[in-house]
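**Q** Kindly return the folded structure for what I paste below:
(one chain, ligands or ions: 3)
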Amino acid sequence: MRAEIAVLPGDGIGPEVTAAAVAVLREIADRHGHVFTYSENRIGGIAIDECGEPLPKATIDACLASDAVLLGAVGGPRWSDPQARVRPEQGLLALRARLGVFANLRPLRVHPRLAGLSPLKAENLAGVDLLFVRELTGGAYFGRKTREGDVATDECRYSVGEVERVVRRACELALSRKGRLTSVDKANVLETSRLWRATTDRVVGEYEGITLEHQLVDSMAMLLLTRPSAYDVIVTENLFGDILTDEAAALAGSLGVSPSASLGAGRLGLYEPIHGSAPDIAGQGVANPIGAILSAALLLRHSLGLELEACAVEAAVDAVLATAELTRDLGGTAGTEQVTRCVIEQLRSKQQAAA
Ligand code: NAD
Ligand code: IPM
Ligand code: MN
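**A** Ligands and ions are numbered 1, 2, ... in the order given. Okay, the predicted model is just below:
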């Protein structure tokens, strides 16, 4: 097939990890007879420096004209002055809103070899297979913001329609898995959460075969550490989802291995690792590329419909995690390029074995 992929490397380790993901996509295209073309576009701090704004119109146009968007990360100390007129992160939020990608899928499994790196005991990690569905274009991130003298506000707003569509997506995903859905809110305090809970009850009631459980977010933060294998699909609002997914990523040994797919009503999706620009290690060639590479696998699956190819990438990553020298965050000494080469070699050897 032919596909156009917009690549938005961004800041910090963003360019390093997107280069790794693109190298893997090139290999997949060669091996499976696809023609992928790539456009490189600015977002975040580099876009502020070069164009004066974090999401230039040319980038939006390129994304809208593509089949999928692959993003690295945005932000860094250079653009983090609280007085700054504009911040890199605004570019990412504006892109998510513009693409209408309201459902952010963040899958999490713990590879057995990495279980020892998790702060939890390895025996508590057996069978962990989570899929977070984070609402991505609403809530406190997008409500009205004010700053008057000593007072600041961030309005948290949700409509029934915004909750319905993301819960529906979570239900469909739960049906393709174990059928268990946990909805996370703070309905004992927040009005938006009460609307969230009532809407979730109604929407889930339209489906057969789903077991729904509600959890309050504070308790969920604890449960993710005490019995992470008890959960399947976890749906929640934007800010809670941001926090819980970084917490859960620690179970897998490093933030560097977690991918994400942000999906809307159509096929066009935005794919990015869940980690940030990691300014502390940027430019050293030591960033873990696995989160970005697995995001490319999600791109193949969700935007291009290439399930076989997506599985091939995931299997190659599994094999690398099982046997290869890994990056520093996972206790190894390998660099970004070395790990990427190993993934590509795995793809080659698997293909040869199949031939
Ligand atoms: P971060 O995720 O960038 O880093 C947290 C820690 O994890 C650091 O010690 C970092 O070295 C490590 N880490 C992250 N990714 C890694 C990888 N691939 N390999 C090895 N180690 C890795 O979070 P932060 O330091 O809080 O944020 C830095 C900047 O990134 C901020 O400006 C923030 O706004 C931005 N950010 C962007 C995104 C995004 O673009 N999607 C996501 C999160 C944070
Ligand atoms: C993420 C990041 C972003 C978020 C920031 C950089 C805007 O933390 O993708 O998880 O909060 O959504
Ligand atoms: Mn985050």
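**Q** confidence score at the residue of the stretch 201-350 of the chain found nearest ligand 2?
**A** Relative to ligand 2, the nearest point of the stretch 201-350 of the chain is Asp242 (4.4 Å; C-beta to the nearest ligand atom). The C-beta positions use only the backbone N, C-alpha and C, and glycine is treated the same way. pLDDT for Asp242: 97.
**Q** Repeat that for Gly116.
**A** pLDDT at Gly116 comes out at 87.
**Q** now Glu123
**A** 87.
**Q** Look up the closest residue to the residue of the stretch 201-350 of the chain closest to ligand 2, ignoring the ones flanking it.
**A** Arg134 (6.9 Å; C-beta to C-beta, 6 or more residues apart in numbering).
**Q** got it, and Val217?
**A** Using C-beta to C-beta, 6+ apart, the closest residue to Val217 is Phe240 (4.7 Å).
**Q** distance of the one you found from Ala65?
**A** Applying C-beta to C-beta, to the nearest Å, the value for Phe240 to Ala65 is 34 Å.
**Q** What residues does the stretch 151-300 of the chain have near ligand 2?
**A** Residues of the stretch 151-300 of the chain lying near ligand 2 by C-beta under 6 Å from any ligand atom: 242, 274.
**Q** got it, and the stretch 1-150 of the chain?
**A** Going by C-beta under 6 Å from any ligand atom, the residues of the stretch 1-150 of the chain near ligand 2 are 75, 89, 92-93.
**Q** Repeat the analysis, applying 5 Å as the threshold.
**A** Within reach of ligand 2 by C-beta under 5 Å from any ligand atom, the stretch 1-150 of the chain has these residues: Glu89.
**Q** ok so, going back, quick one: which of Phe240 and Ala65 has more around it?
**A** Per other C-beta atoms under 10 Å, whichever of Phe240 and Ala65 has more neighbours is Phe240, with 25 against 11.
**Q** Tell me which helix or strand comes right after the helix or strand where that one lies.
**A** Per DSSP states H and E, Phe240 falls inside helix 238-251. Once the chain leaves helix 238-251, the next helix or strand it forms, by DSSP H and E, is strand 261-263.
**Q** What ranges does the stretch 1-150 of the chain have for its strands?
**A** Assigned by DSSP state E, counting those that start in this stretch, the stretch 1-150 of the chain shows strands spanning 2-10, 35-40, 68-73, 103-109, 129-135, 145-148.
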